[in-house]
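Student: Requesting a structural model of the entry that follows:
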Amino acid sequence: DEAVAQGAKPVDFAILCVKTWQVAEAARAAGPLLGPSGCVVTTQNGVEAPHHAAAAVGTDRVLGGVAKVLAFIAEPGVIEMKDQPATFHFGEVFAPHGGVLTGAVGQEGGSARAERLAAA
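Tutor: The predicted structure is shown next:
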């Protein structure tokens, strides 16, 4: 709400890069920043993150995502990531009626907004 009050422009996508236990709070905080067709994109391990986000912003405003990176601890406090392979897959998690889709993320979950995110 504070960002909106200070003139922040609406966004199409808010990618939630937080721990799973923080998803609902992060989605709630991102909600006021979402444009009319905007959505949050979860990136957490496990299958509950999209449900936590949906509880905060609604099933119609959630895309599920999976980020895959090759990273290692180079030294205490220093994480290094290899350039390749790094991938980010995402897609619809919930059907228009609110039920859960059964295909893999990005497989059954194709949609116009997922294509817009892929093109960004």
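
Student: so where do the helices sit in this protein?
Tutor: Assigned by DSSP state H, the chain shows helices spanning 2-5, 23-30, 49-57, 112-119.

Student: any idea which of those helices is most buried?
Tutor: With neighbours taken as mean count of other CB atoms under 10 Å, the helices of the chain reach their highest mean count in helix 49-57, at a mean of 22. For every residue, glycine as well, the C-beta is placed using N, CA and C.

Student: thought Phe90 was touching Val62?
Tutor: No - the criterion here is CB atoms under 8 Å, and Phe90 misses it with Val62 at 10.4 Å.

Student: Overlap in contacts, these two.
Tutor: Val41 (CB atoms under 8 Å, 6 or more residues apart in numbering).

Student: Tell me who's in contact with the closest residue in space to Ile15 that isn't next to it in sequence.
Tutor: Nearest non-adjacent residue to Ile15, counting by CB to CB, 6 or more residues apart in numbering: Val41, 4.7 Å away. For Val41, the contact set (CB under 8 Å, 6+ apart) comprises Phe13, Ala14, Ile15, Leu16, Val62, Leu63, Gly64, Gly65, Phe90, Leu117.
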